[in-house]
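Student: My questions concern the predicted model and sequence given below.
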Amino acid sequence: MDKRDIHVLKYFSSFVSVSYGKVINITEPTLTFCPLAKHLYRDFSGISGNNKKALKNAIKKAIESKIRDYGFFTYKRKISSDGVAIPYGASEMISFALRKKAVDAAVVVCEGAGTVVTNKPEVVQGIGARMNSLLLTSPIKEIIHNLKNSGCRVVFENALINQVRGVEDAIKAGYKTIAVTVCGHSAEDLKVFRSLEKEDSVKIISLAVCTTGISKNKINMIRDYADLVWSCASFDIRRMIGHLAVLQLSRQIPVFVLTKKGIDFVSMYSREEEIIKNLDIHKQYLFSNELNGQCVHMGDSKVFINESKLPVSSRKEPVLENKSEYAAI
């Protein structure tokens, strides 16, 4: 049996390989600027988008900081956390929904464990808050042990990532309202979730994340079957889906909410749940920090709701070196 320790994720448009707690390979990034990376990691500040060597070095340092500070990809992995790390992060929203009992369980992904089913909001936040588009992972026995000890179900002992099997396991365990994250490159899973909803009389809230570089075919699947989608650095997500959204959360890296089920889910992230639940699904709304409109609290931030034609762009959006160039996963 191959027992190599290997984990592959996508960050800042690069494929990053990690083994035994060390970054061993980074592919050339096609992204030249990301406002969130610049906000979170100072090594991205002041770098020219054409300086690939400096960008790759900043990517390496960002991943190394996750390893050093949170034990990513190692037996030291911290799996529990409270608080908001990313204002509109998927794990943040799921954690709030779990705490408020709006969802019964979540199907998420953790390096070293693969697909995980949990009803613990602190675990969802612990393993998901700083993870970026995990594509491949291998088992780390300490992470699997700690997750199981925390009451989570690790679906595969070999740390396979298969969100459909995770949702099926959650249904078998008796959960009726399930939130699931799906990387954009696995968008075909979203259609399966809609079938499972009908077959098993459950509610599945589908969150499409990590969409940078996915094909237009995948984007069509997201448009047709997801409840929420994170646009990341995909301009096709903005162009092909943004105009169909009911809500847009933030301008720089928009999260688009596409369904009433998605609106109800997002409302759990707010102190003012009823204001958001009662928004007219036939209209479009922008949530931003511009100081006008209806004030609400999302996570730990104060934001303002305005009726607006979507999508709304920003001068501080992510920048690809060539907008027509999409490196399909």
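Tutor: That came in fine, so what should we check first?
Student: any idea which helix or strand of the protein has the worst average confidence?
Tutor: Using mean pLDDT, DSSP states H and E, strand 319-320 stands out as the lowest-scoring helix or strand of the chain, at a mean of 89.
Student: Can you name the residues in contact with that one?
Tutor: Ser13, Thr30, Leu31, Thr32, Phe33, Cys34, Gly49, Ala233, Phe235 (CB atoms under 8 Å, 6 or more residues apart in numbering). (Each C-beta comes from the backbone N, C-alpha and C, glycine too.)
Student: Neighbouring strands of it in the sheet, and parallel or not?
Tutor: Taking DSSP bridges as the criterion, strand 319-320 forms sheet pairs with strand 31-33 (antiparallel).
Student: pLDDT (mean, whole number) over the partner strand?
Tutor: Taken as a whole, strand 31-33 carries a mean pLDDT of 93.
Student: Could you give me the buried positions within that strand?
Tutor: Leu31, Thr32, Phe33 (16 or more other CB atoms under 10 Å).
Student: residues near Arg77, how many?
Tutor: 22 (other CB atoms under 10 Å).
Student: Apart from its chain neighbours, what residue comes closest to it?
Tutor: Spatially, and ignoring its direct neighbours in sequence, Arg77 is nearest to Gly71 (4.2 Å; CB to CB, 6 or more residues apart in numbering).
Student: Thought Lys78 was touching that neighbour, still the case?
Tutor: Yes: Gly71 is within contact range of Lys78, at 5.4 Å (criterion: CB atoms under 8 Å).
Student: Of the two, give the one with the bigger neighbour count.
Tutor: Shown here are Gly71 and Lys78; by other CB under 10 Å, Gly71 has more neighbours (18 against 13).
Student: Turn the buried residues of strand 31-33 into a markdown table, including distance to Val23.
Tutor: Shown next, in a markdown table, are the buried residues of strand 31-33 (distance: CB to CB, whole Å):
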| residue | distance to Val23 |
| --- | --- |
| Leu31 | 18 |
| Thr32 | 21 |
| Phe33 | 21 |
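Student: Looking at those, spot the one nearest Phe156.
Tutor: Nearest to Phe156, judged by CB to CB, of the buried residues of strand 31-33 is Leu31 at 31.1 Å.
Student: Now the closest one: closest residue in space, sequence neighbours ignored.
Tutor: In space, Leu31 is closest to Ser13, 3.8 Å off (CB to CB, 6+ apart).
Student: now do Leu286
Tutor: Leu286 sits nearest to Ser308 (CB to CB, 6+ apart), 4.1 Å away.
Student: which ones are touching the residue nearest the centre of the chain?
Tutor: Closest to where the C-alpha atoms of the chain average out (CA atoms, centre = their mean) is Val209, at 4.0 Å. Neighbour list for Val209: Ala90, Ser133, Thr181, Val182, Cys183, Gly184, Val229, Trp230, Cys232 [criterion: CB under 8 Å, 6+ apart].
Student: List the beta-bridge partners for it.
Tutor: Val209 has these beta-bridge partners by DSSP bridges: Cys183.
Student: Asn119 against Lys101, yeah?
Tutor: No: look at Asn119 against Lys101 with CB under 8 Å: they stay out of range, at 9.7 Å.
Student: So which of those two has more stuff around it?
Tutor: Each of Asn119 and Lys101 has its neighbours counted (other CB under 10 Å); Asn119 has more, 19 against 10.
Student: Now do the same contact list for that one.
Tutor: Leu98, Asp104, Ala105, Ala106, Gly151, Tyr175.
Student: who wins for neighbours among the residues you listed?
Tutor: The most crowded member of the contacts of Asn119, judged by other CB under 10 Å, is Ala106 (30 neighbours).
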